[in-house]
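A.B. asks: Build me a structure from this.
(chains A and B)
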There are 2 protein chains.
Amino acid sequence: MNRLFTLALLPFLCLGQPRPPAVQSPEVHPDRSVTFRLLSPKAAAVQLTGDLVKSPAAMERDTAGVWSITIGPLRPDLYSYRFSVDGVAAIDPSNQTRPATMFAVPGEGPAIYDMRPVPHGELHQRWYMSKSLDTLRRVFVYTPPDYERGARYPVLYLLHGAGSDESSWSESGRVNLILDNLIAEGKLKPLVVVMPYGYAYPPGSPLAGGADAMKRQRAGFNRDLMEDVIPLVQAAYRVQPDRDHRAVAGLSLGGAQALGVGLTHPELFSRVAGLSPALGAVTSAEAGGLDFKALAADAKKVNGEYKLLWVGCGTDDTLFQSVKSFSGMLDASGVKHVWRESDGAHTWLNWRRYLAEVAPQLFPAS
Amino acid sequence: MNRLFTLALLPFLCLGQPRPPAVQSPEVHPDRSVTFRLLSPKAAAVQLTGDLVKSPAAMERDTAGVWSITIGPLRPDLYSYRFSVDGVAAIDPSNQTRPATMFAVPGEGPAIYDMRPVPHGELHQRWYMSKSLDTLRRVFVYTPPDYERGARYPVLYLLHGAGSDESSWSESGRVNLILDNLIAEGKLKPLVVVMPYGYAYPPGSPLAGGADAMKRQRAGFNRDLMEDVIPLVQAAYRVQPDRDHRAVAGLSLGGAQALGVGLTHPELFSRVAGLSPALGAVTSAEAGGLDFKALAADAKKVNGEYKLLWVGCGTDDTLFQSVKSFSGMLDASGVKHVWRESDGAHTWLNWRRYLAEVAPQLFPAS
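C.D. replies: Numbering: from 1, shown residues only, chains lettered A, B, ... in the order given. Next comes the predicted model:
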């Protein structure tokens, strides 16, 4: 986002003098309603789209060519949006936040994902050669405050959703700020979080297509995680190397991947969480048809192996019924788990909230 | 960029099946010409903008509503662009690279900024409380391959341009890949690179405006760098703490900041580089009027203090004459320095190239 901002303003900023935006957008009013504005005199139709509207919302043009819409009041949270200008996606050039598609509606106090004056951990980007996939890949790693001091930490492997990448949990999910705050509040054991890239074969690459694409994606992802990422992390970061201190969680596609790899590899993981999991990504015939029901059949074994199994979804999520059925199947089989039914849909509004809830359940402060 | 991509494709990707883009864009042809396409049936006018065109270039609409333009052939490099749709900036929804505003025109072999199968360093994001500015800030830090092994490294403070932020040298500049490659080639001493945020007061904040804004920006930046960032880096990373192993460099606004702080603080820096420096950001009356000519008057002292002083600019850069005059002034005063005159303008095409050239001059492999 910042690059677009940079290119547009470069001529005006060369001497360090920022140009004031032509219009104010978004404007968060005291009653928590929000006005969005876009100067686009030539457009025939402009809409507001994203997390905060269920369907694209038409904006109105004034005589100067400024399109605007006011929505809300909104619940205090961190929202994402964009504009659709004659059907083409556009970012808001007036949004001064980074990235420019987000804005916060403040509540009474700082939110769990807000930057607070507490000790901060560090976010690492590391490149590695995946022997499993024969390609260079990038992984994001969060280390907690005071990591330099030398202790060993439990580790959470945290997976992103479809169409996204290894940067999304930090950029959109604010994972580091949420964990910094939970650790400062004494609710969460300091831990290392590893965020790998979830596609074995990136969208657009030849191997991402074809009839058995989903099966190849699933097998490739599992292999990269188990044979490359976990060994890399154990060599390069001070993590506790046993299953008791290793968890896997994810959202949407990553939620299905977490449940898939977590529940089939009890020798590696003791704690598993699926946030709005898109279960079809591992259970569908195209993906190789992982059979969770068969896994759940031996409830006593499963209950003995896992210290936490967490599944959550929002009631407005199109995946809600399938995730609720999954939880129901676990119940019917006698598999202990936490079922979290929230409001909201398939958006970061829920995933930030879920992470703040589930992390202290995975590794509670002792 | 990825977020927009994610939001647009989410319904199609939930089960891990990427939707093929509606049109192919950009298409790099074998002769290194490039075709850009955008499906936008309702737009009245679409232009191609960015690094690779001197001024916005009109695109042509076909009967299906696909706008296109072919440019080049281009020199092998990594280019940035965007579209202007009826005057509103838009990213290319068909661009599969990350970030979606970039594409590479490949040359005969891998470029210096390409990901190669060599040992890779790590990129860190660290949050710190700036006591000077009474605010939480973020700094990016590159550590070289094998940093875990325990040596101490020389350190380069590397500053971004106006309107940008602490992420731009890694995201647009590919700093880590360039340094990984130079180290692997045996041209560059392994080093730590620190990329702080260059605005004491971010654009849009109340303190970024007013008559003495540039002066406050300059003083605040210098204080944050010297009193907060350097002590933080020396406490948290294994860097050599003496001036002989400390350099400062930057591009555009950051180039002026680097020359400004570097040449007034010989007790801190022994190597200084200005890449397309926007000198007015420190020399103008509004910025407090730093007088480089007075500094250069004692050439013998300056020549004794600095192991390298590097200044470069592209002949198509609007800043070219002012930077060339600065070099001429240094020559006239007898101050030894490297003057690099290149083709190209005020874009990342030059800054990636300059970094690859200047880094091994700052800290040559021994």
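
A.B. asks: Next, the contact list for the residue of chain A most remote from its centre, please.
C.D. replies: Taking CA atoms, centre = their mean, the residue of chain A most remote from its mean C-alpha position is residue A:63, at 40.2 Å. Under the criterion of CB atoms under 8 Å, 6 or more residues apart in numbering or on different chains, residue A:63 has no contact partners. Quick note: C-beta positions are derived from backbone N, CA and C, even for glycine.

A.B. asks: what about it, distance to chain B?
C.D. replies: Relative to chain B, residue A:63 is positioned 17 Å away (CB to the nearest CB, to the nearest Å).

A.B. asks: Can you report phi and psi for that residue?
C.D. replies: phi -70, psi -20 (degrees, to the nearest 10).

A.B. asks: tell me which residues of stretch A:144-163 are tucked away?
C.D. replies: Residues of stretch A:144-163 classed as buried by neighbour count (16 or more other CB atoms under 10 Å in any protein chain shown): A:144-145, A:147, A:153-163.

A.B. asks: Let's see the distance spanning it from one end to the other.
C.D. replies: With CA to CA, to the nearest Å as the measure, stretch A:144-163 spans 28 Å from end to end.

A.B. asks: is chain B contacted by that stretch?
C.D. replies: Yes: using CB under 8 Å from any CB of the partner chain, we find that stretch A:144-163 touches chain B at A:148, A:161-163.

A.B. asks: from these, which ones fall inside strands?
C.D. replies: Using DSSP state E, no member of the residues of stretch A:144-163 next to chain B falls in strands.

A.B. asks: before we move on, back to that, just the buried residues of stretch A:144-163 now: which is nearest residue B:189?
C.D. replies: Checking the buried residues of stretch A:144-163 against residue B:189 with CB to CB, the nearest one is residue A:147 at 26.1 Å.

A.B. asks: rewinding a little: now the residues of stretch A:144-163 next to chain B in a markdown table, with pLDDT?
C.D. replies: Compiled in a markdown table, those are given as follows (pLDDT from 0 to 100):
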| residue | pLDDT |
| --- | --- |
| A:148 | 80 |
| A:161 | 96 |
| A:162 | 93 |
| A:163 | 86 |
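
A.B. asks: Show me what the helix or strand harbouring residue A:123 is in contact with.
C.D. replies: Residue A:123 belongs to strand A:122-130 when assigned by DSSP states H and E. Identification of contacts with strand A:122-130 by CB under 8 Å, 6+ apart yields A:135-143, A:147, A:170, A:176, A:224, A:228-229, A:232, A:236, B:115, B:117, B:120, B:122-126, B:170, B:176, B:180.

A.B. asks: so the residue lying closest to residue A:230 once chain neighbours are set aside is in which element?
C.D. replies: Sequence neighbours aside, residue A:268 is the residue nearest to residue A:230 in space, at 7.2 Å (criterion: CB to CB, 6 or more residues apart in numbering or on different chains). In the assignment (DSSP H and E), residue A:268 maps to no helix and no strand.

A.B. asks: what about stretch A:55-73, distance to the chain center?
C.D. replies: Between the centre of stretch A:55-73 and the centre of its host chain there is 29 Å, according to CA atoms, centre = their mean, to the nearest Å.

A.B. asks: Buried residues of that stretch, list them for me.
C.D. replies: So stretch A:55-73, judged by 16+ other CB under 10 Å, has buried residues A:57, A:59, A:61, A:66-69, A:71.

A.B. asks: Same check on stretch A:113-131?
C.D. replies: A:113, A:115-116, A:118, A:120-128, A:130.

A.B. asks: Over to stretch A:255-271?
C.D. replies: Buried-residue list, stretch A:255-271, by 16+ other CB under 10 Å: A:255-263, A:265-266, A:268-271.

A.B. asks: chain center to that stretch: distance?
C.D. replies: 18 Å.

A.B. asks: Show me what the mean pLDDT comes to for that stretch.
C.D. replies: Mean pLDDT, stretch A:255-271: 98.

A.B. asks: what distance separates the start and the end of that stretch?
C.D. replies: Termini of stretch A:255-271 sit 13 Å apart (CA to CA).

A.B. asks: for stretch A:89-109, same thing?
C.D. replies: First-to-last residue span, stretch A:89-109, CA to CA: 33 Å.

A.B. asks: got it, and stretch A:338-354?
C.D. replies: Using CA to CA, the two ends of stretch A:338-354 sit 12 Å apart.

A.B. asks: Just the buried positions in it, please.
C.D. replies: Within stretch A:338-354, the residues that qualify as buried by neighbour count (16+ other CB under 10 Å) are A:339-340, A:342, A:344-354.

A.B. asks: Could you pick out which of those residues are located in helices?
C.D. replies: Of those, the ones assigned to helices by DSSP state H are A:348-354.

A.B. asks: re earlier: so can I have a markdown table of the buried residues of stretch A:144-163 showing distance to residue B:364?
C.D. replies: A markdown table is the format used below for the buried residues of stretch A:144-163 (distance: CB to CB, whole Å):
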| residue | distance to residue B:364 |
| --- | --- |
| A:144 | 37 |
| A:145 | 37 |
| A:147 | 32 |
| A:153 | 38 |
| A:154 | 43 |
| A:155 | 39 |
| A:156 | 42 |
| A:157 | 40 |
| A:158 | 41 |
| A:159 | 42 |
| A:160 | 40 |
| A:161 | 45 |
| A:162 | 46 |
| A:163 | 44 |
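
A.B. asks: Just give me the closest of these to residue B:243.
C.D. replies: Distance ranking of those against residue B:243, using CB to CB, places residue A:147 first at 28.5 Å.

A.B. asks: Flag every residue of the stretch 151-300 of chain A that's near chain B.
C.D. replies: Counting by CB under 8 Å from any CB, the stretch 151-300 of chain A sits next to chain B at A:161-165, A:167-168, A:170-172, A:176, A:180, A:202-204, A:208, A:213-214, A:217-218, A:236, A:252-253, A:278, A:280-281, A:284, A:286-287.

A.B. asks: Any stretches of chain A with poor pLDDT?
C.D. replies: Confidence mapping of chain A against pLDDT under 70 gives the ranges A:1-21, A:98-100.

A.B. asks: run the last query once more with 50
C.D. replies: Within chain A, the ranges that satisfy pLDDT under 50 run A:1-21.

A.B. asks: spatially speaking, which residue is in the middle of it?
C.D. replies: residue A:169 (4.1 Å).

A.B. asks: how about it, phi and psi?
C.D. replies: phi -60, psi -30.

A.B. asks: Surely it and residue A:158 touch.
C.D. replies: Yes: Residue A:169 lies in contact with residue A:158 (CB atoms under 8 Å); the separation is 5.6 Å.

A.B. asks: Please, which helix or strand holds residue A:156?
C.D. replies: In the assignment (DSSP H and E), residue A:156 maps to strand A:155-159.

A.B. asks: That strand pairs with which strands?
C.D. replies: strand A:192-195 (parallel), strand A:246-251 (parallel) (DSSP bridges).

A.B. asks: For my notes, confirm residue A:140 occurs in a strand.
C.D. replies: Yes: according to DSSP: H, G, I helix; E, B strand; the rest coil, residue A:140 belongs to a strand.

A.B. asks: Without its sequence neighbours, what residue ends up closest to it?
C.D. replies: In space, residue A:140 is closest to residue A:195, 4.1 Å off (CB to CB, 6+ apart).

A.B. asks: Please identify which helix or strand holds residue A:260.
C.D. replies: In this structure, residue A:260 sits in helix A:253-264 according to DSSP H and E.

A.B. asks: related to what we said a few turns ago, what is the most widely separated pair among the buried residues of stretch A:255-271?
C.D. replies: A:256 and A:270 (19.4 Å).

A.B. asks: circling back to that earlier point, run the angle between the strand holding residue A:156 and helix A:253-264 for me.
C.D. replies: In terms of direction (axes from the mean of the first three to the mean of the last three CA atoms, to 10 degrees), strand A:155-159 departs from helix A:253-264 by 130 degrees.

A.B. asks: List the buried residues for the helix or strand where residue A:311 lies?
C.D. replies: Using DSSP H and E, residue A:311 sits in strand A:308-314. Of all the residues in strand A:308-314, those buried under the rule 16+ other CB under 10 Å are A:308-314.

A.B. asks: same question, stretch A:215-227
C.D. replies: For stretch A:215-227, by 16+ other CB under 10 Å, it's A:215-218, A:220-225.

A.B. asks: Much appreciated, bye for now.
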